[in-house]
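1. here is a sequence with its predicted model. Questions after.
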Amino acid sequence: MTDLIGWELNKAYDGIHWWAAAASRTIGAIIPGLICALNVKSVIEIGIANGFTTQVLARGLQANGGGKMYSCDINEFACTLCKQFISDGVEHESICSDSGTFDWKSIIEEIDLCYIDGDHSYEGCLKDVKNCLRLNPKIIIVHDYAGGQPGVVQASDELLADWNKIVIPERGDTGDYACAIFQRR
């Protein structure tokens, strides 16, 4: 299942092997290459927190020639904070709302990549994945896919069972806070 994503990333890095990138175990090292390899031009980020992923996603879009990014969080401070991390050439909209009930179709018809790191309950993650699926994405990245988040794993696996999946541990070899990258087959 990982071959297609690995091949695309290897192509983007022009010979840097996928497994070398994965060995770094950081989503920050992988997302920009993934965005470039798959020619991602539009991104939804669900869950902003401290803005690290906002910055990583925006830099990936910038490296790929620019694009449109939507960041969504229920926390007003996070919605304001993320604006400082946007790179040149990236059009950005911050949305302070419950991502599980927000009507994405009211602002966009399709999206290339959805990054989900919002409500970690089964019901919350299920709503976020379903909402993203309505926008026909190429890629869905689900953060906290391990590390005591069984609801995230269950909801993602149920709705994305027929997608290619690779799981990337982010802390040590334990897989704590792993990230799952799902690619449409």
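-> Received the coordinates, thanks. What you are looking at is a predicted structure, and each value in this text was computed from that prediction instead of being measured.
2. check which helix or strand covers T53.
-> helix 52-63 (DSSP states H and E).
3. show me the contact partners of that helix.
-> Helix 52-63 has contacts (Cβ atoms under 8 Å, 6 or more residues apart in numbering) with 27-28, 31-36, 40-41, 43, 45, 47-48, 67, 69, 71, 82, 85-90, 92, 113, 115, 117, 143. C-beta: built from backbone N, CA, C; applies to glycine.
4. check contacts around the residue nearest to the spatial centre of the chain.
-> Central residue check for the chain by Cα atoms, centre = their mean: the C-alpha nearest the mean position is that of Y115, 2.3 Å away. The contact partners of Y115, by Cβ under 8 Å, 6+ apart, come to 31, 43-46, 53, 57, 141, 143.
5. and the helix or strand harbouring it, average pLDDT?
-> Y115 is part of strand 113-116, with elements assigned from DSSP H and E. Averaged across strand 113-116, pLDDT comes to 97.
6. same check, this time on stretch 63-76
-> Averaged over stretch 63-76, pLDDT sits at 96.
7. what about the strands in the chain?
-> Assigned by DSSP state E, the strands in the chain fall at 42-46, 67-73, 90-96, 113-116, 139-142, 164-168, 179-183.
8. dump those to a markdown table, plus distance to G151.
-> Formatted as a markdown table, the strands of the chain follow (distance: least, Cβ to Cβ, whole Å):
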| stretch | distance to G151 |
| --- | --- |
| strand 42-46 | 15 |
| strand 67-73 | 19 |
| strand 90-96 | 23 |
| strand 113-116 | 12 |
| strand 139-142 | 11 |
| strand 164-168 | 16 |
| strand 179-183 | 13 |
